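> sequence first, then the predicted structure, then my questions.
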Amino acid sequence: MKGDGMKKKNQGVALIITITVITLLIATTMELNRRAGDAAEFTGVTRDRLKLSHLTSSGIHMAMALLVKDKNDGEVDSLQEDWADKETVTDLMGDIPFPEGTLAVEIQDELSKIQVNALVKFPDGRDFNQDQMNMWERFVGYITSGENEDDDTSASAIVNSIKDWLDSGDDDLITGVNGAESDYYKDLEPPYTCRNSPMLYVDELLQVKGVAKLVESVGGWEMLSQYVTVYGMETQTTGNKFTFPGKININTAELPVIAALLQLNDLPLAQEIVGYREEMTDGNYTHDLSNPNWYKNAPGCGSLEIAPNLITTKSDFFRIRATGEMGNVKVTTTAMVQRENKSGKNTCRVLSWQTE
């Protein structure tokens, strides 16, 4: 009897072990199956991202070809042209055979924005560009509705701090009473120093004294960043030097930038200028925008004066954004390009390229 009890006990232990092993095998199989599914999904996503990366790259190059054609056709750049028309660009992108997904491309004139680096006169990099300084102060006042009384984020304080960030005189006194040189930034956590040269990325503005606080007060970085750029550099023919003319394309600038070009009493005319350039008759644009002074023809603008060294009707700097989608996978490639003429031939040079 004792032997029978021991035998049953051993059989019970064996059964428990068997059940445990089976349970582990089932769990392991399920985990391996899940990992295999994840691996397959990852492989599929990677494959789709690669396809979309090539697709968006093709979109960027087709947009560059469109910009070169536009340059060959004429010097003036405006929102009346094919590169600025989303439907025309969409039709052009339809020539790329890609039945599995979609491609959307947008071209934006980078000189429709205020050029940060033009605030200082380069190549010397020491003094204010006075007209640019005045425009910056009007711009900051415009986006804050003139209600900003904070010492660090007032229009003059922001402009002085940006100037100190750009200028090469880091050992000199700060600009005005609110500027900031490296001594100020070294006391921050974490500490850093002024660039003391032209900005390379527009996000650098957030490092400048008062700008982050200003951005928070006006509703976010997008409110400011969409109207400013670090591009616009021109190289001089001799001495390997550079400058930032800072001229804004009045044919493509958005309303807040147009407003920054005007004196405070003339602000209501900004909308008249934008409306004038958008007027159409029978589906065609009504007005010629080839002369920078066309704004005088807008209603009420006959006596208006914008500093000639602040405006142009030409641009050679463009931001191209190509977005490809396939299923749940989305890839966006953004390229900054500069049109230039080499050996009598117009081309586009890529200044930056980012895929995300």
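Great, that's in hand.

> burial measure for Gly169, as a count.
Neighbour count of Gly169, defined by other C-beta atoms under 10 Å: 18. From N, CA and C alone the C-beta is placed, and that goes for glycine too.

> how about it: what's its closest non-neighbour residue?
Spatial nearest neighbour of Gly169, excluding adjacent residues (C-beta to C-beta, 6 or more residues apart in numbering): Arg126 at 5.7 Å.

> got it, and Lys51?
Using C-beta to C-beta, 6+ apart and skipping the chain neighbours, the partner closest in space to Lys51 is Met326 (6.7 Å).

> quick one: the helices in the protein?
For the chain, applying DSSP state H gives helices covering 2-73, 86-93, 130-143, 155-166, 182-185, 211-218, 221-225, 255-260, 269-278.

> state the distance from the residue nearest to Lys51 to Glu106.
Between Met326 and Glu106 the computed distance is 19 Å (C-beta to C-beta, to the nearest Å).

> dihedrals phi and psi, the spatially closest residue to Thr286 that is not a sequence neighbour?
Nearest non-adjacent residue to Thr286, counting by C-beta to C-beta, 6+ apart: Glu279, 4.3 Å away. Glu279 adopts backbone torsions of phi -60, psi 140, taken as degrees, to the nearest 10.

> burial check on Glu279, number of neighbours?
Residues lying near Glu279 (other C-beta under 10 Å) number 10.

> hang on, the residue nearest to Gly169 packs against Asp167?
Yes. Under the criterion of C-beta atoms under 8 Å, Arg126 makes contact with Asp167 at 5.7 Å.

> what's the overlap in contacts for the two?
Val120 (C-beta atoms under 8 Å, 6 or more residues apart in numbering).

> coming back round to it: which of the helices of the chain has the lowest mean pLDDT?
Per-stretch mean pLDDT for the helices of the chain is lowest at helix 2-73 (a mean of 72).

> for the residue nearest in space to the middle of the chain, what are its contacts?
Nearest to the mean C-alpha position of the chain, by C-alpha atoms, centre = their mean, lies Gln226 at 6.6 Å. The neighbours of Gln226, taking C-beta under 8 Å, 6+ apart as the test, are Lys113, Glu254.

> rerun at 10 Å
Contacts for Gln226 (C-beta atoms under 10 Å, 6 or more residues apart in numbering) come out as Gln108, Lys113, Val202, Glu254, Pro256, Val257.

> what do you get for Ile162?
Applying C-beta under 10 Å, 6+ apart, one finds that Ile162 lies in contact with 116-117, 119-120, 133, 136, 140, 175, 179-180, 199, 204-205, 208-211, 228.

> for Tyr142, same thing?
Tyr142 neighbours (C-beta under 10 Å, 6+ apart): Ala155, Tyr227, Leu255, Pro256, Val257, Ala259, Ala260, Leu262, Leu264, Leu267, Ala270.

> hmm, the first one is touching Ser161, no?
No. The pair Ala155 / Ser161 is not scored as a contact, 11.1 Å apart, by C-beta atoms under 10 Å.

> between these two, who's got more neighbours?
Ser161 (26 against 19).

> for the more buried one, what are its contacts?
Contacts for Ser161 (C-beta under 10 Å, 6+ apart) come out as 152-153, 174-176, 178-181, 184, 194, 205, 208-211.
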